[in-house]
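**Student:** compute the structure for the input listed below.
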Amino acid sequence: MTIKYFETERLCFRGWQEEDKPEFALMNADPEVMQYFLRRLDESESNAFVSRIESHFAARGYGLWAVELKQNKEFIGFIGLTCTSFERDFTPCIEIGWRLKKSCWGNGYATEGAGGCLFYGFNTLGLTEIYSFTSVLNKRSERIMQKIGMTKIKEFSHPNVPAANPLNKHVLYRIGKDEPVL
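**Tutor:** Residues are numbered from 1 along each chain as shown. The predicted model follows:
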């Protein structure tokens with residue numbers, strides 16, 4: 001039985017199911033979905049990513065939730081919280097992130113879901129601050145960070161992205177427990 005963690009107006013946040021994997025692999029192979037990542041993932045790499053997500057849940061009790069539309073139970077991607085530990089002055093930290101299939105873009109799902117995750121993180125998990133970051137080129141994700149009430153802290157060079165790569169420079173956003181969400 002799949003665990004349901006919480007819901008927002010239109011979205012259900014749940015554990016991952018075996019049947020999510022093929023759709024998730026298609027997302028991770030989509031050049032537009034993966035535009036701001038170093039490369040697309042093949043099916044094996046995508047499945048390994050799901051395994052890492054499930055390990056994070058087992059260790060911490062939260063993670064990158066599988067998200068489905070409440071109206072028809074369609075799996076649309078993930079939105080959630082994860083621990084980030086690469087070496088920078090703001091790590092280790094809890095990061096909020098999202099990845100939705102392209103057919104669902106432009107409907108406000110990422111904004112709605114990210115707001116729900118912030119609420120859950122602060123009120124259920126007792127977190128005190130949450131970060132988010134993306135390539136400076138990824139204006140869509142940066143706009144979501146702004147819409148959910150996060151504040152831009154700075155720009156930084158991502159240590160896992162080659163310095164000469166156009167995706168190296170990232171924006172860093174943060175929100176604290178006592179700041180208004182969404």
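**Student:** and the residue nearest to the spatial centre of the chain, what helix or strand is that in?
**Tutor:** Nearest residue to the geometric centre of the chain (CA atoms, centre = their mean): Gly97, 1.9 Å. Gly97 is part of strand 93-100, with elements assigned from DSSP states H and E.
**Student:** please name every helix or strand in contact with that strand.
**Tutor:** On a contact count with 3 or more CB pairs under 8 Å, 6 or more residues apart in numbering; DSSP states H and E, strand 93-100 meets strand 75-84, helix 109-123, strand 129-135. No exception for glycine: its C-beta is placed from N, CA and C like everyone else's.
**Student:** what angle do the longest one and strand 129-135 make?
**Tutor:** Inter-element angle recorded for helix 109-123 and strand 129-135: 150 degrees (by axes from the mean of the first three to the mean of the last three CA atoms, to 10 degrees).
**Student:** ok, now which ones touch Leu38?
**Tutor:** 161, 165, 167 (CB atoms under 8 Å, 6 or more residues apart in numbering).
**Student:** now flag whichever of those residues is closest to Ala25.
**Tutor:** Leu167 (21.9 Å; CB to CB).
**Student:** sorry, back to before: neighbour count added to the contacts of Leu38, as CSV?
**Tutor:** Output for the contacts of Leu38, formatted as CSV (neighbours: other CB atoms under 10 Å):
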residue, neighbour count
Val161, 16
Asn165, 11
Leu167, 17
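**Student:** switch the residues you listed over to a markdown table; also include secondary structure, distance to Pro180 and pLDDT.
**Tutor:** Listed next are the contacts of Leu38 as a markdown table, based on DSSP: H, G, I helix; E, B strand; the rest coil; distance: CB to CB, whole Å; pLDDT from 0 to 100:
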| residue | secondary structure | distance to Pro180 | pLDDT |
| --- | --- | --- | --- |
| Val161 | coil | 32 | 96 |
| Asn165 | coil | 35 | 96 |
| Leu167 | coil | 31 | 96 |
